[in-house]
Structure formats: C-alpha cells, structure tokens
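> model the structure of this input:
(one chain, ligands or ions: 1)
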Amino acid sequence: MAIKKVFLTGLRPTAADLQLGNYLGAVGDILEIQKKKAPFFLFIADLHALTTDRPKVVAANRQKIAITILAAGIDPQRVIIYCQSALAQETLELEIFLSRHFTVAQALRVPTLKEKMRRPEQASLFLLRYPTLMAADILLQRATHIPVGKDQAAHLEVSRLLAQKFNRRYGQIFPIPRPYQTEGVKLMSLDGQGKMSKSHPQGAIFLGDNPETVRRKIRHAVTEVLDGPREKMNENVASLFLMARSFADETEKEKLKTMEREYYQGRLKFVHLKELAAGAVGRFLAEFQVQRAGWQKKTKLVADILEHGSQRARRHARETMDLVAGKTGFRPCAAMPNSQT
Ligand code: TRP
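Presented below is the predicted three-dimensional model:
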C-alpha cells in the first residue's frame with residue numbers, strides 16, 4: 001500500500017523573542033516544506049508547554065508564536081495551522097490508547113525525562129506523559145514526516161514504537177513516522193561562545209532587533225586572524241557566511257562567492273563580510289517587523305486562521321479515531337447514541 005506523505009510538526013510557544021538561529025532552523029524548514037504538495041499540519045504545542053509554564057503564560061505566548069509564523073510568510077492556504085488544545089479531546093483520547101501500551105518503566109527510560117524523574121516528588125504526572133502526548137499528536141494525523149531537531153529524536157522514537165505496537169496488535173492503522181531532517185542550520189554565537197542562544201544575548205540576533213543593533217553585534221562578531229591561506233573554514237566565519245547567504249539578494253550572493261574564495265586564499269577583509277551580512281540581515285528584520293506589526297493588529301484574522309486550521313485538523317483526526325475505534329472495538333459512548341460499535 002502506497003503511503004501518502006504527510007508532514008507534521010509542533011512548535012512550543014515560548015515567551016522570548018526568537019533568535020536568528022532558531023528562526024533559520026525551525027521556520028526556514030517550515031517555509032521549505034510548505035512549497036511541497038503534501039499536506040502539512042503545523043500546530044502550536046500549547047499542551048506540551050503546560051508541562052513547564054503557567055497556563056496564563058502559555059495562552060499569551062501561543063498568540064505570539066502564531067503571529068511570528070504568519071509574519072515569517074507561512075501560508076495558511078497551504079499549511080494547516082492550529083492550536084494543539086483545539087484538538088484536546090481527540091488527542092487525549094488517542095493518548096489513552098497509546099499510553100496503555102507504554103509502561104512507566106519505559107517512560108522513565110526516555111532520556112529527556114530520566115533526569116527530571118530522579119526527583120519524582122517534584123516532577124508532575126503530566127510531564128511523564130510528554131512522549132505519549134507527542135505520539136498522539138503525530139499519529140492522530142497519521143503523519144509520516146516529522147521535521148524536528150535532534151533534541152526530539154528520543155520522543156520520535158517513542159512515537160515510532162507505539163505506532164508499530166498498535167499496528168501489530170490491532171492491524172494496520174498508522175504509518176511509522178520518521179524524522180525529516182533538513183540540513184539543520186546552525187548559527188554560532190557572535191561572541192564566540194558556542195551556538196547562538198538567547199542565554200548569550202550579546203552574541204545573538206533577535207527578531208525584534210533594529211538595524212543599528214544588528215550592525216553593532218555583527219561588527220563585533222568574533223572571527224579569526226586570517227594570516228594565510230586556509231583549507232577549512234573557521235566555524236564562526238562559516239556562520240557569518242551562512243547568515244549572510246540566508247538573507248542575501250542575488251548580487252550579494254555573487255559577492256559572497258568571491259569573498260569565500262578570498263577567504264581560502266587568506267586575503268578576505270572580514271569588515272566586508274560583516275558589512276554585507278549586517279545589511280542583508282537588517283533588511284530582512286525590517287521587513288519581518290513590518291509584517292509582524294501588521295499581523296499584531298489583525299487579531300480577528302489570526303483567530304480565524306487558527307479556527308479554520310483546527311476544523312480541518314479535527315476532521316482528519318476524527319477519521320483516524322474512527323479507524324482506531326473500528327480496530328480496537330472501543331468507541332467512546334458519546335459517539336454511539338445507538339449503542340452499537
Ligand atoms: N516536543 C516538541 C518540542 O519541544 C514540540 C512537539 C509537540 C512536537 N508535539 C509534537 C513536534 C509533534 C513534532 C511533532 O519541540
């Protein structure tokens with residue numbers, strides 16, 4: 001049986017303004033996938049966020065992330081955008097069926113939970129359900145390709161395991177989801193302190209930064225002393241090139257190629273690279289910020305987009321739950337007024 005490709009991913013809503021590394025990693029992939037023909041489910045993982053944040057905070061943050069992805073150019077005509085909690089009923093129902101086949105011992109072995117579960121008196125029961133909830137998100141839409149970072153690999157393994165177990169026991173329902181790894185853009189912190197991260201704000205560029213701030217941060221970026229030809233590119237320099245290339249126009253891309261050659265020959269002036277990078281990034285951010293300000297005013301439209309996405313996602317989810325009911329022989333009471341299965 002040919003299995004149809006279905007993309008699905010969840011974004012955890014966080015308070016902080018995204019930094020450019022996250023943006024290129026997560027949003028960049030999403031923008032690529034939306035060009036494909038396959039259905040693409042993209043949801044805001046507000047239920048997962050409740051494992052760590054207060055409900056009020058999660059509710060505020062999910063609005064922010066919705067606006068960010070819309071401003072970034074995600075097209076609600078092509079991508080099914082919704083909130084995880086809009087499908088809480090379907091998701092949690094499936095999670096019950098999945099978690100019946102997942103032992104507490106297995107949950108305690110999931111690397112991301114292991115550490116936290118060392119102090120069970122401080123770990124919530126809900127946290128223990130993180131992997132089964134994620135499996136439910138994925139399997140509910142019978143998704144096949146899951147674009148997530150490496151940090152989610154262990155969770156995805158649980159989804160695969162549960163899909164296989166379920167299929168073996170009840171018959172073929174779920175395609176086995178697999179990670180959809182793209183190149184995984186990695187930007188380095190401009191202050192030379194490893195990966196770009198919001199915990200080193202001086203070395204990170206945020207989506208809300210203005211062009212002067214960007215210029216200043218990039219001007220001070222750590223590079224190297226280029227005292228001769230090079231065989232391999234220094235990773236901080238490579239990160240500057242990557243950043244520049246990601247936002248460059250055609251002319252700038254040509255210039256970057258020349259600069260790369262100059263680098264290997266040992267005669268690149270880093271100021272030129274930095275100037276170009278700052279210009280390209282600054283231009284992108286200015287445009288993004290205009291878009292974002294526009295979406296911030298359109299709260300009704302944002303709500304409508306999420307509502308429309310939820311309806312489509314729910315319809316598809318109900319088909320899955322129908323299949324599950326057929327195979328397991330258990331249909332929730334409310335859905336069987338005539339008391340037949
Ligand atoms: N756990 C993911 C993260 O923290 C978010 C997420 C929740 C997710 N459900 C998912 C990602 C389903 C992919 C598929 O990033």
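
> domain-wise, how is the protein divided?
7-185+298-328, 201-294 (automatic domain parsing).

> any idea which of those domains gets closest to Q193?
domain 201-294 (5.8 Å; C-beta to C-beta). Heads up, the C-betas are built off the backbone N, CA and C, glycines and all.

> quick one: stretch 23-31 near the ligand?
No. Against the ligand, stretch 23-31 shows no contacts by C-beta under 6 Å from any ligand atom, the least distance being 8.5 Å.

> first-to-last residue distance for that stretch?
Start and end residues of stretch 23-31 are separated by 11 Å (C-alpha to C-alpha, to the nearest Å).

> quick one on the thing from earlier: any chance of a markdown table for the domains of the chain, columns mean neighbour count and mean pLDDT?
Below are the domains of the chain laid out as a markdown table (neighbours: other C-beta atoms under 10 Å; pLDDT from 0 to 100):
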| stretch | mean neighbour count | mean pLDDT |
| --- | --- | --- |
| domain 7-185+298-328 | 18 | 94 |
| domain 201-294 | 16 | 96 |
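
> with distance to D191 added, can I get those domains in TSV?
Formatted as TSV, the domains of the chain follow (distance: least, C-beta to C-beta, whole Å):
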stretch	distance to D191
domain 7-185+298-328	13
domain 201-294	3
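
> and the stretch 151-300 of the chain, which residues reach the ligand?
Checking the stretch 151-300 of the chain against the ligand by C-beta under 6 Å from any ligand atom, the hits are 152, 155.

> how about the strands in the stretch 151-300 of the chain?
Secondary structure of the stretch 151-300 of the chain by DSSP state E, counting those that start in this stretch: the strands cover 178-179.

> cool, the stretch 1-150 of the chain as well?
7-11, 40-44, 80-83, 145-146.

> re the thing from before, right, and the domains of the chain - which one's nearest G194?
domain 201-294 (8.7 Å).

> return the residues in contact with the residue nearest to S99 when sequence neighbours are not counted.
In space, and not counting its chain neighbours, S99 is closest to T132: 4.3 Å by C-beta to C-beta, 6 or more residues apart in numbering. Neighbouring residues of T132 by C-beta atoms under 8 Å, 6 or more residues apart in numbering: 95, 98-99, 102, 107, 158, 162.

> ok, the residues you listed vs G28, which is closest?
Ranked by distance to G28 (C-beta to C-beta), these are led by V158 at 26.2 Å.

> hmm, Y130 and the closest one touching each other?
No. Using C-beta atoms under 8 Å, V158 is not in contact with Y130, being 9.2 Å away.

> and for the two, which residues touch both?
Common contact partners of V158 and Y130 (C-beta under 8 Å, 6+ apart): V110.

> can you redo the contacts of T132 as CSV with distance to K35?
Formatted as CSV, the contacts of T132 follow (distance: C-beta to C-beta, whole Å):
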residue, distance to K35
E95, 32
L98, 32
S99, 36
F102, 36
A107, 37
V158, 30
L162, 31
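
> gap between V281 and the ligand?
To the ligand, V281 is 25 Å away according to C-beta to the nearest ligand atom, to the nearest Å.

> report the contact partners of that residue.
Counting by C-beta under 8 Å, 6+ apart, V281 has contacts 20, 205, 214, 218, 243-244, 247.

> of all of this protein, which residue lies closest to the ligand?
At 2.9 Å from the ligand, G10 is the closest residue in the chain, using C-beta to the nearest ligand atom.
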